[in-house]
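Let's see this in three dimensions:
(one chain, ligands or ions: 2)
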Amino acid sequence: GLGLSFTKDENFGEWYSEVVVNGEMIEYYDISGCYILRPWAMSIWENMQTFFDAEIKKMKVKNCYFPLFVSPGVLQKEKDHIEGFAPEVAWVTKSGESDLEVPIAIRPTSETVMYPYYSKWIRGHRDLPLKLNQWCNVVRWEFSNPTPFIRSREFLWQEGHTAFATKEEADTEVLQILELYRRIYEEFLAIPVTKGRKSELEKFAGGLYTTSVEAFIPNTGRGIQGATSHCLGQNFAKMFEINFENEKGEKSMVWQNSWAYSTRTIGVMVMVHGDNKGLVLPPKVAALQVIVIPVPYKDADTQGIFDACTATVAILSDAGIRAEADLRENYSPGWKYSNWEMKGVPLRIEIGPRDLANNQVRAVRRDNGEKIDISRVFLVEQVKGMLEKIQQNLFDVAKQKRDACIEVVKTWDEFIKALGQKKLILAPWCDEEEVEKDVKARTKGEMGAAKSLCTPFEQPELPEGTKCFASGKPATKWTYWGRSY
Ligand SMILES: O=C(C[C@H]1NCCC[C@H]1O)Cn1cnc2c(c1=O)CCCC2
Ligand SMILES: [Mg+2]
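Ligands and ions are numbered 1, 2, ... in the order given. The predicted model follows:
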């Protein structure tokens, strides 16, 4: 039948796979870890892209496109950046029947592709700031459990790569981009995130520091990195000799940032908002915000009902609302309700004989099932208002659920207990890398080890003398910990 065979609370993994397929977002592909993004998912990617692309263009970032292929020489250039990842790099070794002289890597990220040319293009301070972005795919031959959107061997993202004359400019941009990522999650996907800084162990090894927006999946009790904005310092400038002559004629190295969000965002949205009837799409990103369904009754003015549906779609579309009518003859209204609930359309409008007679429509919210009769006289305003309420309610409910998972702990025992309860743990930490490694070692298991997720910019009061939960040494900061994706 139409329904799901797994429930979100009983079998999250199976529920998730079924929802993304039945919601027509994903089709599984015959190469493991690769997925087909169907229009229902692609439209969400495009809606986010429309916002983000316009915002970075306001920041004078320009789009470009660099080759997919990386010559082996440059890839090995950055030792500590690559060494940890080498197994994930996919290589082209043949063309047709013949072997390539030299194997060519497929980009897992584009620092090493782009920066030799940054070195060539940046000569004087007038060449700065250089701000480029590309919307592209990247390949990382991951081995741990592949999950649509969340962990795949190829994914779509944007990667921004900027170069400045001063550290101050770079530091400023890192946070401007991070705010855009917060908006992507909180204003478009209706998902609460925490802005913070990654630990030295968890940061991008090639960079100076990493900031991120962290989300949380209550059902699995796992944190998930939503997007990252790194300051690379002068590390890559040194490696790739990206220098410029400053105003005083001195030779200096540029300060760089790199930042990305990917199609992983869509998976987080499904996990947070989806329910046992299927997808639940936030109106801001939904391809279809309103589905209008005729409810004919025996021979009661069927044509009038169909005409009212078509007129309703026209009125809503003219007002900029993404609406369609499902006039298919061969499906019952009930079947259509289930179908569009599975696809997560935020608002359903039903028009039956009574609605026609009373010059009204019946609106049904996907987020909470609320049914409201709306007079056609105020149709646009009322529908717009309901869509805004749905968007806000999805965020409020997700935030309430996420906040309910937060556990503040002071001791190791409390930490282990909270971990077992699938909590998002906030703990005082001495900020020593060895201690973080120790936490990972002591929590290793088939559920995966706990790790630091981020040190939130918003720091609660840390009373003098507070001890680190793991080492007992003086704590210097509050940090979020948990299992993660
Ligand atoms: O990709 C980044 C850093 C940076 N890349 C550009 C966009 C922002 C940010 O993600 C880190 N990283 C992750 N994963 C891999 C690599 C890697 O550099 C290189 C080798 C393969 C796997
Ligand atoms: Mg990785």
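
residues in contact with the closest residue to residue 305 other than its chain neighbours?
Leaving aside its sequence neighbours, residue 305 sits nearest to residue 294 (C-beta to C-beta, 6 or more residues apart in numbering; 4.7 Å). Every residue, glycine included, has its C-beta placed from N, CA and C. By C-beta atoms under 8 Å, 6 or more residues apart in numbering, the contact list for residue 294 reads 302, 305-306, 308-309, 325, 327, 333, 351-352.

The residue of the stretch 251-400 of the chain found nearest ligand 1 in helix, strand or coil?
Nearest to ligand 1, among the residues of the stretch 251-400 of the chain, is residue 260, at 3.5 Å (C-beta to the nearest ligand atom). Secondary structure, DSSP: H, G, I helix; E, B strand; the rest coil: residue 260 is strand.

What's the separation between residue 341 and residue 279?
8 Å (C-beta to C-beta, to the nearest Å).

of these two, who's got more company?
Using other C-beta atoms under 10 Å as the criterion, residue 341 and residue 279 rank with residue 279 on top: 25 against 22.

Next one: residue 47 relative to ligand 1, how far apart?
21 Å (C-beta to the nearest ligand atom, to the nearest Å).

Alongside ligand 1, which residues does this structure contribute?
Residues of the chain that fall close to ligand 1, judged by C-beta under 6 Å from any ligand atom: 81-82, 85, 88-89, 108-109, 111, 140, 159, 204, 228, 230, 258-260.

that older thread, tell me which of the contacts of residue 294 fall in helices.
With helices taken from DSSP state H, the overlap with the contacts of residue 294 comprises 302, 305-306, 308-309, 333.

Widest-spaced pair of these?
308 and 333 (14.3 Å; C-beta to C-beta).

Comparing these two, which residue is more hemmed in?
The neighbour count for residue 308 versus residue 333, taken as other C-beta under 10 Å, is higher for residue 308 (22 against 15).

isn't the more buried one right next to residue 354, touching?
No. With contact defined as C-beta atoms under 8 Å, residue 308 does not count as touching residue 354 (11.9 Å).

so what's residue 39 closest to, chain neighbours aside?
Nearest non-adjacent residue to residue 39 (C-beta to C-beta, 6+ apart): residue 287, at 7.2 Å.

any idea how far that neighbour lies from residue 216?
Applying C-beta to C-beta, the value for residue 287 to residue 216 is 26 Å.

Comparing these two, which shows the higher neighbour count?
Each of residue 287 and residue 216 has its neighbours counted (other C-beta under 10 Å); residue 216 has more, 30 against 18.

Can you name the residues bridging to the more buried one?
residue 223 (DSSP bridges).

OK, contacts around it?
The neighbours of residue 216, taking C-beta under 8 Å, 6+ apart as the test, are 222-224, 402, 405, 424, 482.

try residue 351
Neighbours of residue 351 in contact, by C-beta under 8 Å, 6+ apart: 292-295, 305, 308-309, 312, 361-362.

got a markdown table for those, with pLDDT too?
Conversion of the contacts of residue 351 to a markdown table gives the following (pLDDT from 0 to 100):
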| residue | pLDDT |
| --- | --- |
| 292 | 98 |
| 293 | 98 |
| 294 | 98 |
| 295 | 97 |
| 305 | 97 |
| 308 | 98 |
| 309 | 98 |
| 312 | 98 |
| 361 | 98 |
| 362 | 98 |
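
Which one of these sits in the busiest neighbourhood?
Neighbour max across these (other C-beta under 10 Å) = residue 294, 26 neighbours.

The residue nearest to residue 39 is in contact with residue 322, isn't it?
Yes. Between residue 287 and residue 322 a contact is recorded at 6.6 Å, counting by C-beta under 8 Å.
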